[in-house]
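[1] No letters, just coordinates:
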């Protein structure tokens, strides 16, 4: 797991007023840890652009009706403007830090036996690049599933969807395993070229894998 808060706090000093600027950047996922009591796995989505936008906090609820669907934590965020941005941002970061303190570590596992299987792919050529609408680029609408095998146990995700550009590879970066006191599951972090602006930016997603029956 990454340690994030020093970088986030420093970032506040660079963007105290300019909210949602136009300069883009990649989106990265940070797996924070697991809450065995509530059966939750928390992760953050970071927006590494010049908007000053705070990371978005999500969790997978393993004992929920749809555990594969990430749930956004909205209660720790307040509406911000140029007057309250710094104070509101710090309050949100403090709340994220409190949540992370109670979480158990989530363990990375080998991805050697993992597979990202494309189920359906539709490729189109069109004017999809945001800052160069006159140029034609390829856009791939992809449906996929992820499979992994660890210690003779097989895991798989639900069917997922993404939009990829310029025929860039879609790949699995990391896979994590839940602690023993939780329902067994794995979380894969994938990356693809999902932000069609400027030079093009990588986007990461967190995907839940559950044991195959």
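    All right, it came through fine. These numbers come from a predicted model, not from an experiment.

[2] pLDDT (mean, whole number) over stretch 73-88?
    Averaging pLDDT along stretch 73-88 gives 80.

[3] which parts of it are buried?
    73, 77, 80, 85-86, 88 (16 or more other Cβ atoms under 10 Å). C-betas here are computed from N, CA, C, even on glycine.

[4] Quickly check those for the two that are furthest apart.
    Spanning the widest gap among those are 73 and 86, at 21.1 Å by Cβ to Cβ.

[5] measure residue 167 to residue 156 for me?
    From residue 167 over to residue 156 the distance is 26 Å, taken as Cβ to Cβ, to the nearest Å.

[6] okay, these two: which has more neighbours?
    Comparing residue 167 with residue 156 by other Cβ atoms under 10 Å, the one with more neighbours is residue 156, at 18 against 11.

[7] Pull up the pairing partners for the helix or strand containing that one, direction included.
    If you go by DSSP states H and E, residue 156 is part of strand 153-157. Strands that pair with strand 153-157, judged by DSSP bridges, come out as strand 137-150 (antiparallel), strand 201-211 (antiparallel).

[8] give me the low-pLDDT residue ranges for the chain?
    Along the chain, segments meeting pLDDT under 70 span 1-22, 80-82.

[9] Where do the strands of this structure begin and end?
    In the chain, the strands defined using DSSP state E lie at 27-35, 40-47, 56-61, 71-72, 107-109, 115-126, 137-150, 153-157, 160-165, 171-177, 186-195, 201-211.

[10] For residue 101, find the nearest of these.
    Of all the strands of the chain, strand 27-35 comes closest under Cβ to Cβ, at 9.5 Å.

[11] what inclination does that closest one have with respect to strand 56-61?
    Strand 27-35 and strand 56-61 meet at an angle of 50 degrees, taking axes from the mean of the first three to the mean of the last three Cα atoms, to 10 degrees as the criterion.

[12] Excluding covalently adjacent residues, which one is nearest to residue 154?
    residue 212 (4.3 Å; Cβ to Cβ, 6 or more residues apart in numbering).

[13] Could I get the contacting residues of the one you found?
    154-156 (Cβ atoms under 8 Å, 6 or more residues apart in numbering).

[14] likewise residue 110?
    Residues near residue 110 by Cβ under 8 Å, 6+ apart: 150, 175.

[15] where's residue 198 relative to residue 28, distance?
    In terms of Cβ to Cβ, residue 198 sits 17 Å off from residue 28.

[16] quick one, which of those two is more surrounded?
    Comparing residue 198 with residue 28 by other Cβ under 10 Å, the one with more neighbours is residue 28, at 19 against 15.

[17] Now for the closest residue to the more buried one other than its chain neighbours, how many residues are close by?
    Among residues not flanking residue 28 along the chain, residue 46 sits closest, at 4.7 Å (Cβ to Cβ, 6+ apart). Using other Cβ under 10 Å, residue 46 is surrounded by 21 other residues.

[18] Next, the contact list for the residue with the largest distance to the centre of the chain, please.
    If you look at how far each residue of the chain sits from its centre, by Cα atoms, centre = their mean, the farthest one is residue 134, at 30.5 Å. Counting by Cβ under 8 Å, 6+ apart, residue 134 touches residue 127.
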